[in-house]
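Student: show me how the following folds:
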Amino acid sequence: MSNYFKFKNNDKIVNYITSYPYYNFSVYGAKVYLNSQDSYSGSFTDKIGEVPSGHVSLYEMNVDRDFSAHTYDSVTDTGIKSKIFPFITKDSALSSFGTVTTNSWNQFSYGDIITGSYPLSSSIVREFFNSNHGSLNPSGSHMLALKNTLNYYTPISNHYAFSSSLGDKAVQKINLISVPSIFFGKKIKKGSVKLNYYLSGAIVATLEDVYKNGTLVQTAGSEYAQSQGSGSVAGVVLYNEGFMVITGAWGLSPTTYAFGDVGTPETPKWLNFAIGCNDGVTDANITPSASFEVNFRGTSVTPNMTLFAHANKNELNYSNNPTYIDKKTKSQTPFSFSSSSFIEQNDMNIKNTISSSFSTYSGSFKKQTFISKMGIYDSNKNLIAIVNLARPVRKKESDEYTFKINLDI
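Tutor: Here you go, the predicted model:
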């Protein structure tokens, strides 16, 4: 027997739980590592997530699958499907994938299957912009796309200004680190960004947002690096958008190294920080002694609803469980039916389940049920959650209970 009860205003409390997950990206030899973890091997592949190290799988599809056995052809709709893939059938709804261009979509016939591929992965990316990049590639520069965003934060610090007495970001060299939102959630936590520059395993210099205003200040490093840029601002962080704009051009070591961005070796600078981080630079073009760390905390906000479900006196005292009926009564079935009628028996007795630890004890009849499960429904009576009690709760007619339910939404 289903019993529906409506939650009252005082029975619902909505809280927001904020957490700050920590992330560490290490870059060494044109390879990225996330939280110091390398790829794990499986039964069919050396990368069970089918994504490179330093990446996360966005949907966690195709984990340790044998791709070599996949022979499916979407054109003929034949073959073996050994991997998961998204697909859309072209029809009058005109639905398609966001990565499919209009010209490509028009080449399909109605009824054709348009397929995609998993896994989709994400990681941080470094982009280097040389001098005068704003005039050399005005339509394709990601820095120009950030112009309005950077100017928006100018009241916080003048170092955000796209063009000022501190420099013109359309002209000067720029090192841009992009962090996808899947890592930081709502925003990067202010003051949590810390960049470490290593040479031969030792920290040469460190950038931190010590003032929590988005400016990256060189706070520590070798004697030479500190003599060049101690306390200087080497860039800014766009916390809400997930970008680190690095402009520090002072030397961090008197020794020259190969950094890939230029044809000849140069001295280490913040401009070549994180080189090899998904930027197309290969290991052969980077000095083997250089490595980098990007540390930050994200901000994850999880809505949480606390519900109070009440089991009042004289309620919830009937059960559809077959054992609720006493089979010793003369009728063995609780109802009878035919093509024209459905009749419930009026002589069915409820089984007396009152018990005692004493032998030959016979207690007077009392209704009692055992509450083991609750369903949460929306306003249209759609089941949205199921609550399973660890141990069924005995409910007598004289008892009343309030169940506290926590639900992440």
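
Student: only alpha carbons, please: show stretch 117-124 as CSV.
Tutor: Only the C-alpha atoms of stretch 117-124 are listed here, as CSV (Å, rounded to 0.1, in the frame of the first residue of the first chain):
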residue,chain,number,x,y,z
SER,A,117,34.5,8.8,-30.5
TYR,A,118,35.4,8.3,-26.9
PRO,A,119,37.3,9.0,-24.8
LEU,A,120,37.4,12.7,-24.6
SER,A,121,40.1,14.0,-22.4
SER,A,122,41.2,17.3,-20.8
SER,A,123,44.5,18.7,-19.4
ILE,A,124,46.2,22.0,-18.9
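
Student: from the middle of its chain, how far away would it be?
Tutor: Its chain's average C-alpha position is 13 Å from that of stretch 117-124, according to C-alpha atoms, centre = their mean, to the nearest Å.

Student: what's in contact with that stretch?
Tutor: The contact list for stretch 117-124 (C-beta atoms under 8 Å, 6 or more residues apart in numbering) reads 25, 32, 34, 49-52, 54-62, 83-86, 177-180, 182-183, 274, 277-278, 294. For every residue, glycine as well, the C-beta is placed using N, CA and C.

Student: can you pull the contacts of Phe243?
Tutor: With contact set as C-beta under 8 Å, 6+ apart, Phe243 has these partners: Leu146, Leu176, Ile177, Ser178, Val179, Val237.

Student: farthest-separated two in the residues you listed?
Tutor: Farthest apart among the contacts of Phe243 by C-beta to C-beta are Leu146 and Val179. That separation is 13.5 Å.

Student: these two: who's more crowded?
Tutor: Counting neighbours by other C-beta atoms under 10 Å for Leu146 and for Val179 shows that Val179 has the greater number, 24 against 19.

Student: and the more buried one, how far is that from Leu252?
Tutor: Computed as C-beta to C-beta, to the nearest Å, the Val179 to Leu252 distance reads 23 Å.

Student: with Tyr22 instead?
Tutor: Tyr22 is 26 Å from Leu252, where distance means C-beta to C-beta.

Student: higher neighbour count, these two?
Tutor: Leu252 (24 against 11).

Student: in strands, which of the contacts of Phe243 appear?
Tutor: Using DSSP state E, the subset of the contacts of Phe243 located in strands is Leu176, Ile177, Ser178, Val237.

Student: most surrounded residue in the residues you listed?
Tutor: Compared across the ones in strands among the contacts of Phe243, Val237 has the highest neighbour count, 28 neighbours, by other C-beta under 10 Å.

Student: wait, it sits on Asn213?
Tutor: No - if you go by C-beta atoms under 8 Å, Val237 and Asn213 don't touch, sitting 9.4 Å apart.

Student: mutual contacts of the two, please.
Tutor: Jointly contacting Val237 and Asn213 under the rule C-beta under 8 Å, 6+ apart is no residue at all.
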